[in-house]
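[1] Just a sequence and a predicted model for now, questions to come.
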Amino acid sequence: MSETLETIQDYYKRLSHLHSNDGTILDVELGKSHFNISPRKYCDFKTPYNRRDFYKISLILGKGWFKYGPHELYIDRPALFLPALNIPYSWVCDTNKQEGYFCLFNQEFFTGSQTFEPFKKTSLFKEWSKPIVFLDAEQLNLVTTFFDNMFRLNNSGYPLRCSAIKSNLASILHLALEWRVEDVAPQDQSGSLRMYRLFDELLHKQFPLDSPAYPLALHTAADFARQLNVHVNHLNASVKSVTNLTTTQIIKRKIFEEAKNLLIYTDWNVAEIGYTLGFEEPAHFNNFFKKNAGTSPLKFRHTNK
C-alpha cells in the first residue's frame, strides 16, 4: 500500500465538500500557527492511507479499523488516537454511529508555544509510541470536558481563546501520559527506528537553552553521529527512512524553533542568540533566520514580543 504526504492544505481541500456549509474551511497561511476542532460527524468514510505534516488528536466514540504503518488496530471502545507525523495511517468505520471530536494543529502551533515544551521529551507523537489510549467511563467524561471546552473556545470571540485552547490541549496530553502512552516493544522496532529514537532523544535533551554561557554542543549531523558512535551515513540513512527528512533538516528545524523562542521569551541580544545556537558570525544567524522566517530576527522579535 503506497502513501503520500498530506499537508494541512490538502486536508481541507479533500474535505471541502463535507464542510462547505458550516464555515470550517480555512485558508492556512504557510508558517503561521493553526488549530481547528470538529465533531466526528463526518467519519462515515474511509480516509486515505497517508502521512500527515500536521498533528491530529481524535476522541473516538464508534467502532472502526486503523491501518497504522504495518499494523492494523481495531477500535471497539472509547479511545484517544495520537498518531506520529511520520507514520502513515487510514481509518475505516465499522459502524455508522461515530461520535467524539478530532482536533488538528500544525507544527507552528505545537512548537511555537512553551505550553507544550514538556511534551517534546516524552513519547507523545513519536514513531516508537503506541498511538491508542483506551478510556474507561470516568476517563472519557474527563477528557470530553476538555474537548468540549476547546470546541466552544474555538468558536468564540474570546480574545485569549488561543491561550485557553492550548491549556485545554495540554491537559489532554498530560492525561494521555498519565493513562500510559506505551512504547512499542524494542524487539518490534526496526534498527532504523531505534537509531532515530537515540538521535531524537539526544537532540531534544539539549533544549531549551538556558544561558549564552552554555552554547549548543551538537548542531550538525556529524556531531550527533560522533556522540552516538556511528558513521554519519548510517545516521542519515536511519533518520531518512523513518521521517523522510534528512538529519540536517531536522536539526535546523529544531534550531529555528529554539531561535524563535529565545527571541520571544528572553532579552538576549541577537548576536548572543546566534552564538548560543552555534552561529559564530551574527550575519550567518541573520541569514539563517531570514531564510526560514521570511523576516529578520529583530523584526520577528518586535512583532511577537
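    Done, it's in. Residues are numbered from 1 along each chain as shown.
[2] use CA for all of it now, contacts and neighbours both
    Noted.
[3] Can you tell me how far residue 227 is from residue 192?
    In this structure, residue 227 and residue 192 are separated by 17 Å, where distance is defined by Cα to Cα, to the nearest Å.
[4] Hmm, I typed the wrong one, I wanted residue 151.
    Relative to residue 192, residue 151 is positioned 39 Å away (criterion: Cα to Cα).
[5] Please apply the same query to residue 124.
    19 Å.
[6] higher neighbour count, those two?
    Summary of the neighbour comparison: residue 124 and residue 192, criterion other Cα atoms under 10 Å, with residue 124 having more neighbours (22 against 17).
[7] which secondary element of this structure has the worst mean pLDDT?
    When the helices and strands of the chain are scored by mean pLDDT, DSSP states H and E, helix 16-19 comes last with a mean of 56.
[8] packing partners for whichever helix or strand comes after that helix?
    Later in the chain than helix 16-19, the nearest helix or strand by DSSP states H and E is strand 35-39. Under the contact criterion of 3 or more Cα pairs under 8 Å, 6 or more residues apart in numbering; DSSP states H and E, the helices and strands touching strand 35-39 comprise strand 99-105, helix 137-154.
[9] In PDB, could you pull the C-alpha coordinates for strand 35-39?
    The C-alpha coordinates for strand 35-39 follow below in PDB (Å, rounded to 0.1, in the frame of the first residue of the first chain):
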ATOM      1  CA  PHE A  35      -5.600  25.000  15.200                       C
ATOM      2  CA  ASN A  36      -9.100  23.600  14.400                       C
ATOM      3  CA  ILE A  37     -11.500  21.200  16.100                       C
ATOM      4  CA  SER A  38     -14.600  19.500  14.800                       C
ATOM      5  CA  PRO A  39     -17.100  16.900  16.000                       C
END
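[10] correct me, but residue 109 touches residue 33?
    Yes. Judged on Cα atoms under 8 Å, residue 109 makes contact with residue 33 at a distance of 4.5 Å.
[11] which of those two has more neighbours?
    Each of residue 109 and residue 33 had its neighbours counted (other Cα under 10 Å), and the higher figure belongs to residue 109 (19 against 16).
[12] who's in contact with the helix or strand hosting that one?
    Secondary structure here is read from DSSP H and E; on that basis residue 109 sits in helix 107-111. The contact list for helix 107-111 (Cα atoms under 8 Å, 6 or more residues apart in numbering) reads 31-35, 53-55, 116-117, 257.
[13] CSV please, covering the residues you listed and showing distance to residue 104.
    Written out in CSV, the entries for the contacts of helix 107-111 read as follows (distance: Cα to Cα, whole Å):
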residue, distance to residue 104
31, 15
32, 14
33, 11
34, 8
35, 6
53, 11
54, 7
55, 5
116, 15
117, 18
257, 20
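[14] Against residue 113, how distant is residue 37?
    Residue 37 sits 18 Å away from residue 113, taking Cα to Cα as the criterion.
[15] Compare these two (neighbour count), which wins?
    Here residue 37 and residue 113 are set side by side on neighbour count (other Cα under 10 Å), and the busier one is residue 37, at 22 against 15.
[16] Name all residues that make contact with the more buried one.
    Remark: with contacts taken as Cα under 8 Å, 6+ apart, residue 37 is in contact with 101-104, 150-151, 154.
[17] how about a cut-off of 6 Å?
    When contacts are counted by Cα atoms under 6 Å, 6 or more residues apart in numbering, residue 37 is found next to 102-103, 151.
[18] can you tell me which of those residues lies nearest to residue 296?
    Within the contacts of residue 37, proximity to residue 296 (Cα to Cα) peaks at residue 103, which comes in at 32.1 Å.
[19] The closest one touches residue 57, doesn't it?
    Yes. Counting by Cα atoms under 6 Å, a contact exists between residue 103 and residue 57, whose distance comes to 5.4 Å.
[20] quick one: what helix or strand has residue 73 in it?
    With secondary structure defined by DSSP H and E, residue 73 is part of strand 71-75.
[21] Run through the bridge partners of the closest residue to residue 179 other than its chain neighbours.
    With Cα to Cα, 6 or more residues apart in numbering as the criterion, residue 179 has its nearest non-adjacent residue at 7.3 Å, and that residue is residue 133. Using DSSP bridges, the beta-bridge partners of residue 133 come out as residue 80.
[22] Is it correct that residue 133 is in contact with residue 83?
    No. With contact defined as Cα under 6 Å, residue 133 does not count as touching residue 83 (10.9 Å).
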